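Engineer: Test case, fold it:
(one chain, ligands or ions: 1)
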Amino acid sequence: MRIRVDTDLCSGHARCNAAAPHIFELDDAGYNAMDDHDVTDDQLRDASRGVLACPERAITMLDASGARVPEGELRRLAGLDG
Ligand code: F3S
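Structural biologist: Here you go, the predicted model:
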């Protein structure tokens, strides 16, 4: 899976970093300015939590085909269902 951040949408809420600081790094101004990056299978749970935590929906997870992973699947990966 791949993480993509829309830096135009990021408003510096820092919730992605709070959810998964080892995956989402903030710049000195507190914004997520990361380039696309891959996440390993063992990072999927925390990465999904970080994606879902962003109130601006600035972070997208993409599958191997480049398609956007829908929110329901993110919630499953994050262990937030049930
Ligand atoms: Fe930005 Fe959203 Fe993180 S607004 S700092 S990508 S929680």
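Engineer: residue boundaries of the helices in this structure?
Structural biologist: Secondary structure of the chain (DSSP state H): helices located at 15-19, 44-53, 71-77.
Engineer: Most tightly packed of those helices?
Structural biologist: Comparing the helices of the chain by mean neighbour count (mean count of other C-beta atoms under 10 Å), helix 44-53 comes out on top with a mean of 22. For the C-beta atoms, the positions are set from N, CA and C on the backbone; glycine is no exception.
Engineer: tell me the average confidence for that helix?
Structural biologist: Across helix 44-53, pLDDT averages out at 98.
Engineer: to the chain's geometric centre, what's the distance from it?
Structural biologist: Taking the mean of its C-alpha atoms, helix 44-53 sits 5 Å from the chain's own mean (C-alpha atoms, centre = their mean, to the nearest Å).
Engineer: picking that back up, looking at the helices of the chain, which is nearest to the ligand?
Structural biologist: Counting by C-beta to the nearest ligand atom, the ligand lies closest to helix 15-19 out of these; the figure is 3.4 Å.
Engineer: Show me what the closest one is packed up against.
Structural biologist: Counting contacts by 3 or more C-beta pairs under 8 Å, 6 or more residues apart in numbering; DSSP states H and E, helix 15-19 packs against helix 44-53.
Engineer: Name the surrounding residues that touch the helix it packs on.
Structural biologist: Outside helix 44-53, the residues within contact range by C-beta atoms under 8 Å, 6 or more residues apart in numbering are 1, 3, 15-20, 22-24, 39, 59-61, 71, 74-75, 77-80.
Engineer: so which of the residues you listed are also by the ligand?
Structural biologist: Restricting the contacts of helix 44-53 to those touching the ligand (C-beta under 6 Å from any ligand atom) yields 15-16, 59.
Engineer: would you turn these into TSV with distance to D46?
Structural biologist: Below are these laid out as TSV (distance: C-beta to C-beta, whole Å):
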residue	distance to D46
R15	13
C16	10
I59	13
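Engineer: Pipe those into JSON lines and attach distance to L44 and pLDDT per row.
Structural biologist: Shown next, in JSON lines, are these (distance: C-beta to C-beta, whole Å; pLDDT from 0 to 100):
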{"residue": "R15", "distance to L44": "18", "pLDDT": "98"}
{"residue": "C16", "distance to L44": "15", "pLDDT": "98"}
{"residue": "I59", "distance to L44": "14", "pLDDT": "98"}
